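Asks: With the sequence up front, the predicted model follows.
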Amino acid sequence: MSHSGHNLLIGTYTETLDFVTGNADGVTGAVYDPRTGQVHDVTVLAPTRNPSFLALDADGTRLYAVNETHTFSGQPGGGLTAFARDLRTGALRQLNTRSSAGVAPCYLSVDGRDLLVANYDSGSVTAIALQPDGSLGPQHGHDQHAGSSVHPERQAGPHVHMACPDPVTGDVLVVDLGMDAIFTCQLTEAGLTERPGTRFAAPPGAGPRHIAFHPDGQHLFVVCELGSVVLTLRRAAGGRLDLAHVASTLPAGAESGPANLAGGIRVTPSGRHVLVSNRGQDSLVMLRFDPGTPSLTLVHSQPSGGECPRDFCLTPEADRVIVAHQDSRDLVVMDLSEDPAQLTLVSRTEVPTPSCVVFAP
């Protein structure tokens, strides 16, 4: 990796919302040095509003950003921005923008020739066709959720927090924090339709946020923001997902501490551990996976080294973790050991209101 190329892409907040005081200028790049574990050369790559979540296409030449807003280009709702990316320099060139067809989009993923978008505030998922040049084309599908759950403020209506392709089935999995539910959908020429009889109901008040997939193809892990738990799911007949185990993301005794919102989730390439960030307790925890049971056991908890660890990623070598702290405005790098399970602080770099961190080829 040459030092001229930005191999870290950082989603940020540029504006003040009710949960964040954004001070960034747009999509941000940085250079991660695998020898030293340092992050440097933090640079604004593309000015755009609240690009709080990013997704790269398979070869790294196209980048997509949500614009997590309530109005975009003079219209109600959020936006999406597509960029072409220079593999040599990491420079971004804006291709086009369009509406996300919902309010406050917070997540997106590339599914073949479509972009899947989760609109948090309005509780919907949108599929946008991608053009041959990578730009955003017409809307290909849209599903507006309707429902609620037990938390009086956070679950008064639907709040879609993630929409992603299932790597095993090719279906689209949609995580709704407001409804305590995971929808399994098909994306066809006709658009998005839910598969009958496959909706997964999370424990009431859990508030499912994101899914991570185990490399065995049979197990999925769902981090639940409101309940500070991880659900272990097992694939069952007919495309259903069965609940196998519930594990806390907080060490014993921490429950009585400050209010906590679980954040990011990742599975190590070995499949032996699941990592979760806690916002409030401000920690990163490692849970060991036992496929025989199947169950998760919390085996290590480490202060994250900053405030509000909203997201994190594993390095390509899977020997370190890079944590994006939204409120202390920094990236923290930690050494990751699986035997024994341990996280150790390596470096800290100031970055304006980071909310998402992605490695780029």
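Replies: Everything's here; your move.

Asks: now do the same end-to-end measure for stretch 323-338.
Replies: Start-to-end span of stretch 323-338 (CA to CA, to the nearest Å) is 18 Å.

Asks: and V103, what does it touch?
Replies: Applying CB atoms under 8 Å, 6 or more residues apart in numbering to V103 gives the contacts H70, P76, G77, G78, N119, Y120, D121, S122. Heads up, the C-betas are built off the backbone N, CA and C, glycines and all.

Asks: does the first one really touch G78, like I thought?
Replies: Yes: contact status for H70 versus G78: in contact at 7.3 Å, counting by CB atoms under 8 Å.

Asks: which neighbours do these two share?
Replies: V103, A104.

Asks: Which one's more surrounded, these two?
Replies: G78 (29 against 12; other CB atoms under 10 Å).

Asks: Next, the contact list for the more buried one, please.
Replies: Per CB under 8 Å, 6+ apart, neighbours of G78: 66-70, 72, 99-100, 102-105, 119.

Asks: Model confidence score at it, please.
Replies: We have a pLDDT of 98 for G78.

Asks: For V66, see how far away it is.
Replies: Going from G78 to V66 by CB to CB, to the nearest Å gives 7 Å.

Asks: any common contacting residues for the two?
Replies: In contact with both G78 and V66: S100, P105, using CB under 8 Å, 6+ apart.

Asks: Downstream of the host helix or strand of T28, the next helix or strand is which one?
Replies: In this structure, T28 sits in strand 26-33 according to DSSP states H and E. Sequence-wise, the next helix or strand downstream of strand 26-33 (DSSP H and E) is strand 38-47.

Asks: Buried residues, that next one. List them.
Replies: Neighbour-count burial for strand 38-47 flags V39, D41, V42, V44, L45, A46 (criterion: 16 or more other CB atoms under 10 Å).

Asks: model confidence over the helix or strand just after it, on average?
Replies: Using DSSP H and E, the helix or strand that follows strand 38-47 towards the C-terminus is strand 54-56. Strand 54-56 shows a mean pLDDT of 98.

Asks: neighbouring strands for strand 54-56, and are they parallel or not?
Replies: According to DSSP bridges, strand 54-56 forms sheet pairs with strand 62-67 (antiparallel).

Asks: Which residues does the strand it pairs with contact?
Replies: 9, 11, 27, 46, 48-57, 78-85, 92, 95, 97, 100, 105-108, 110, 115, 117, 130, 134, 136, 360.

Asks: Same check on stretch 354-361?
Replies: 6-13, 20, 24, 28, 32, 52-56, 59-60, 63, 85, 87, 90, 310-313, 315-316, 322-326, 329-331.

Asks: which of those residues are buried?
Replies: 6-13, 20, 24, 28, 32, 52-56, 60, 63, 85, 90, 310-313, 315, 322-326, 329-331.

Asks: Which ones among those lie within strands?
Replies: Judged by DSSP state E, those include 8-12, 20, 28, 32, 54-56, 63, 85, 310-313, 322-325, 330-331 as members of strands.

Asks: List the buried residues of stretch 65-73.
Replies: Those would be A65, V66, N67, E68, T69, F72, for stretch 65-73 by 16+ other CB under 10 Å.

Asks: which stretches of the stretch 101-250 of the chain form strands?
Replies: Here the stretch 101-250 of the chain has its strands, by DSSP state E, counting those that start in this stretch, at 105-111, 114-119, 124-130, 136-144, 160-165, 172-176, 181-188, 191-194, 200-201, 208-213, 219-224, 229-235, 241-248.

Asks: how near is D25 to T12?
Replies: 8 Å.

Asks: hey, what's in contact with both of the two?
Replies: P352.

Asks: quick one, what contacts the residue lying closest to L8 once chain neighbours are set aside?
Replies: Distances taken as CB to CB, 6 or more residues apart in numbering place A30 nearest to L8, at 4.3 Å, with adjacent residues excluded. By CB under 8 Å, 6+ apart, the contact set of A30 is H6, L8, I10, V39, H40, D41, V42, T43, L331, T349, V351.

Asks: so H151 touches G227, yeah?
Replies: No: at 9.6 Å, H151 does not count as touching G227 under the criterion of CB under 8 Å.

Asks: higher neighbour count, the two?
Replies: G227 (23 against 17).

Asks: mind listing what that one touches?
Replies: Contacts of G227 (CB under 8 Å, 6+ apart): P203, G205, A206, G207, A262.

Asks: Just the buried ones from those residues?
Replies: So, by 16+ other CB under 10 Å, the buried ones in those are P203, A206, G207, A262.

Asks: measure G292 to H219 for me?
Replies: 11 Å.

Asks: So the two - more neighbours on which side?
Replies: H219 (23 against 6).

Asks: Tell me if I'm right that that one and R234 touch.
Replies: Yes: counting by CB under 8 Å, R234 is a contact partner of H219 at 5.9 Å.
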